[in-house]
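1. Sharing a model prediction with you, sequence too.
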Amino acid sequence: MMYTSTLVDVYKPKNASDLTDDVYGMTHIVPYKSKFNSQSRTISSRRIYLLTHVQNSVYVVLIDETTPLQDREMYINNTTDFETYNKLYNPD
């Protein structure tokens, strides 16, 4: 089996005029709300992309895990990528 596409959660900055949070220095993001549109391949705050268009992943920090999934706000951690995180915190 060969995968050709991926389903991606889409987020946008909470405050477009000031991307960096004053306290944490990270970008505060919220789910991008959109209605189903078959032309743009968007389902709620998710979108389908071809794998060839995905350049890299983003490490995010969940603000409150008790919030429903469709409303979860996060911070983008600009200082740690997934590989570095695994080296630091993976017990293997």
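-> Yep, that arrived.
2. Could I get the full set of strands for this structure?
-> 5-9, 11-13, 27-31, 42-43, 46-50, 60-62, 74-76 (DSSP state E).
3. how about those strands in JSON lines, adding mean pLDDT, distance to Thr20 and mean neighbour count?
-> Using the backbone N, CA and C atoms, a C-beta is placed for each residue, glycine as well. JSON lines is the format used below for the strands of the chain (pLDDT from 0 to 100; distance: least, CB to CB, whole Å; neighbours: other CB atoms under 10 Å):
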{"stretch": "strand 5-9", "mean pLDDT": "82", "distance to Thr20": "21", "mean neighbour count": "13"}
{"stretch": "strand 11-13", "mean pLDDT": "86", "distance to Thr20": "10", "mean neighbour count": "15"}
{"stretch": "strand 27-31", "mean pLDDT": "87", "distance to Thr20": "6", "mean neighbour count": "19"}
{"stretch": "strand 42-43", "mean pLDDT": "55", "distance to Thr20": "27", "mean neighbour count": "16"}
{"stretch": "strand 46-50", "mean pLDDT": "80", "distance to Thr20": "25", "mean neighbour count": "13"}
{"stretch": "strand 60-62", "mean pLDDT": "83", "distance to Thr20": "14", "mean neighbour count": "13"}
{"stretch": "strand 74-76", "mean pLDDT": "86", "distance to Thr20": "10", "mean neighbour count": "19"}
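4. and of the ones you listed, who's closest to Pro68?
-> Of all those, strand 27-31 sits nearest to Pro68, with 10.1 Å by CB to CB.
5. what helices or strands is the closest one leaning on?
-> Using 3 or more CB pairs under 8 Å, 6 or more residues apart in numbering; DSSP states H and E, the elements in contact with strand 27-31 are strand 11-13, strand 74-76.
6. so what's His62 up against?
-> Slight slip there: residue 62 is Leu, not His. Residues in contact with Leu62 (CB atoms under 8 Å, 6 or more residues apart in numbering) are Arg72, Met74.
7. give me the beta-bridge partners of it?
-> Note on Leu62: beta-bridge partners by DSSP bridges are Met74.
8. And it, how far from Tyr11?
-> Using CB to CB, to the nearest Å, Leu62 is found at 12 Å from Tyr11.
9. Now list whatever residues contact both of those two.
-> With CB under 8 Å, 6+ apart as the test, Leu62 and Tyr11 both reach Met74.
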